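Student: Just need the structure, nothing else, for what follows:
(2 chains)
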Amino acid sequence: MSTHSTSPVSYPRADVDPPSGSLFPHKHLLGIWNLDPTAIKFLLDTAEKYVDQNRQAKKTTPTCAGLTQINLFFENSTRTLMSFEIAGKRLGMDTISMATGSSSIKKGETLLDTAATLNAMHPDVLVMRHADSGAVKLLSEKMDCAVINAGDGRSEHPTQALLDALTIRRRKGKIHGQTIVISGDIAHSRVARSNIYLLNAMGARVRLVAPPTLLPKDVDRLGVEVFHRMDEGLKGADVVMMLRLQQERMTGAFLPSLREYYRFWGLTREKLAAAKEDVLVMHPGPMNRGVEIASDVADDIDRSAIEEQVEMGVAVRMACLDILTRELRGEALK
Amino acid sequence: MSMFFTNARIINPASDYDKKGSLAIVDGKIALYGDDIKAPKDAETIDCGGKILCPGLIDMRAHAVDSIAAAAGGITTVVLQPDQNTMIDTDAVVERIRRRAEDGSSSRVYPMGTATQRMEGQQIAEIGQMQQSGAVAFTDCRKAVSNAQVMRRLLEYATYFNALVVQYPEEPCLAGEGVAHEGETATRLGLIGIPAAAEAIQIERDARLAELTGSRIHFSMISSKEGVDAVRAAKKRGAKVTCSTAPHYLMLNDNALEGYRTFAKVMPPLREESDRLALVDGVADGTIDTLVSDHDPKSEDVKRLPFGQAAHGIVGFETLLALALAPVHAGKVEMMTVLEALTSTPASLLGLDTGTLAEGSPADIVIFDPDKPWRIGADALRSSAKNTPFDSLPVQGQVWRTIVGGDLLFKEDA
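Tutor: Numbers count the residues shown, from 1 in each chain, chains lettered A, B, ... in the order given. Just a heads-up that it's a prediction; the model follows:
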């Protein structure tokens, strides 16, 4: 099934069966923290197939025809919502999207009541984004169908981490052994958390670079190396993932100004010189040009993988929808 | 109506008494106790079967009266916090609560009044009037009085009435919108953290103000090692500082939040294992003076929400004794120390005539089997809500009889 050869450094080992007997022994995709390397590899390998499908003229297959996908977004998002919608449609699903403005949460309905209401409509997959950490897990407890976390508070954004991993794997050949720098607002970032779990699970060396105010307490216990200075953190890096700096962080005494942030932590060509020659630059988007990343770095076609990330996003989300509905469709996860 | 309890292990922390013996109640008051006394005439004799008989528990911090649950927990005096639907910030409210508590046989209820008007931390509340109406202490409950000048004036003013000011030790700016202990667990779960330093900073400032004004101050709900250290240091300097904690801080650390369990969401937050151990040590060496339940019934409607939005608080009346005995069974704390923290110390802090077995004092007693094993069951709780993180936890120590003013309030069925 894998599109990659099994070299000695292949991780996880392809000749070992997963302990649970299933390649993806989960009903929902709530986060990366509880996925083992086998499950992650399975997701990435499946996504690989969809990359090819998405590059053909006829992009839609009836893989999941007849199933219903609801996208429930309690927080503004355009790219993730669209990516999930496209992913569902390309698998032949009926996708319905509900954005925060039209939801009854604003009318005072609790999350669990919303869950009960949606559950009664018998969706087959629910994709959800919410501003509170743990909200998606809470809702999943009341749903009969598979739930995909499309980002909850500061907790996790698993499909983002998976698409980042797929991008790295395709560009670098493997994740294992790569030195990967995550830089920016780690404290408020669910993308950072999911990426830390995933990259650690797959055997990468993870470094965090951020001003002390944007690093959460005890983050070094998550198995990462922590740096405050860009030149130290970037030294010898294979991949640099920049995070979006939320403009509202300026008000909470986290940073004095965008100007100063750019000066010390913005990714410029000069700072990037400390990394390896073939360093890969990534960003989950939307970018703040001239804040966390310089335009010439973002647009450098040799190093920047930012557009490729978006492409991988659709493929990864198709893989997630596919895998989570396989049992429903009577396909085995072996 | 007289009662005579025999074959009991009588513990009176107020006089450091711990012996096998009997105790007699006449006309709702304790007549006498000892190892060689005779039953008064016409007394009903009750064989305690070797169980512990001690003064009824005084719970210095409850957010609801829940009298059936209190009696079942061996609590004979409930000190109600001012954060009620009608805030306890005037003598009229205090009086109403005292009157309601006095009719009918239930645990005694004493309110705490607010320390500042509307708990806004700006203007001192009418401490004198509320005290005359029966308020036993003054606190802004879960808000720290953060303005140092207001706090200083409050402490100074309270000395005139010899009123106890209870401060919630949490520097509000540092705590911000935090919902969990700032540490690894909060970082992994993506929850906003409150550093332990927020507690120590508030304690250190207010201990200095207590020294400056020569008044006494009590810190509610110590949750961290830093907090215990700050109180210990202040006591060493001679500041008139006392403090309390709740058994859940002695039992749990922030691992209990795993999976976003909102039933473990409390204020202040559960902290790390090193903090938990420091708190147990603090109880053992007397740095922590009293143990409270922080009883706060919250319905599932406000608990089953995303962690950040969910209400904090747990019910504690019925689990107070059993959980407080856990460190005793673990050999970390003396039985006498725990009972002192639950009876005589709160009584003397609040100026109550209960919390002792002294002759002539009101017959508020609890009889419990310290070793009896049972399992906490949320559904079996008698409190008005079942929000406990201890569901199905095996514990030791069960209340057998609760008596208030000579009236039997609770009787264990078994």
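
Student: Counting by contacts, list what the one helix or strand residue B:248 maps to packs against.
Tutor: For residue B:248, the host element (DSSP states H and E) is helix B:247-251. Applying 3 or more Cβ pairs under 8 Å, 6 or more residues apart in numbering or on different chains; DSSP states H and E, one finds that helix B:247-251 makes contact with helix B:273-284, helix B:320-329. C-beta coordinates here come from the backbone N, C-alpha and C atoms, glycine included.

Student: Show me what the mean pLDDT comes to for it.
Tutor: The predicted model assigns helix B:247-251 a mean pLDDT of 98.

Student: re earlier: I'd like the helices and strands packed on helix B:247-251 laid out as TSV, including mean neighbour count.
Tutor: Shown next, in TSV, are these (neighbours: other Cβ atoms under 10 Å in any protein chain shown):
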stretch	mean neighbour count
helix B:273-284	20
helix B:320-329	22
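
Student: Those helices into JSON lines, with extra columns for distance to residue A:35?
Tutor: Output for these, formatted as JSON lines (distance: least, Cβ to Cβ, whole Å):
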{"stretch": "helix B:273-284", "distance to residue A:35": "27"}
{"stretch": "helix B:320-329", "distance to residue A:35": "36"}
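
Student: Between these, which one is closest to chain A.
Tutor: helix B:273-284 (12.4 Å; Cβ to the nearest Cβ).

Student: Show residues contacting the closest one.
Tutor: Contacting residues not belonging to helix B:273-284 are listed as B:181, B:196, B:222-225, B:228-229, B:231-232, B:245, B:249-253, B:255, B:287-288, B:291, B:327, B:332-334, B:337-338, B:341 [Cβ atoms under 8 Å, 6 or more residues apart in numbering or on different chains].

Student: now the helices and strands packed on helix B:247-251 in JSON lines, with mean pLDDT?
Tutor: Below are the helices and strands packed on helix B:247-251 laid out as JSON lines (pLDDT from 0 to 100):
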{"stretch": "helix B:273-284", "mean pLDDT": "98"}
{"stretch": "helix B:320-329", "mean pLDDT": "98"}
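
Student: Any idea which of the ones you listed gets closest to residue A:278?
Tutor: helix B:273-284 (44.5 Å; Cβ to Cβ).

Student: what does the stretch 1-150 of chain A have sitting close to chain B?
Tutor: A:33, A:110-112, A:130, A:132-135, A:137-138 (Cβ under 8 Å from any Cβ of the partner chain).

Student: mind redoing it with 7 Å?
Tutor: Residues of the stretch 1-150 of chain A lying close to chain B by Cβ under 7 Å from any Cβ of the partner chain are A:110-112, A:130, A:132-135, A:137-138.

Student: now the residues you listed: which count as buried?
Tutor: Buried by 16 or more other Cβ atoms under 10 Å in any protein chain shown: A:110-112, A:130, A:132-135, A:137-138, out of these.

Student: now residue B:403, nearest residue through space, not along the chain?
Tutor: residue B:365 (5.0 Å; Cβ to Cβ, 6 or more residues apart in numbering or on different chains).

Student: Please apply the same query to residue B:210.
Tutor: Per Cβ to Cβ, 6+ apart, closest to residue B:210 is residue B:217, 4.4 Å.

Student: Bridging across strands, which residues link to that neighbour?
Tutor: residue B:165, residue B:241 (DSSP bridges).

Student: What's the local residue count around it?
Tutor: Neighbourhood size, residue B:217 [other Cβ atoms under 10 Å in any protein chain shown]: 26.

Student: quick one: pLDDT of it?
Tutor: The model reports residue B:217 with a pLDDT of 98.
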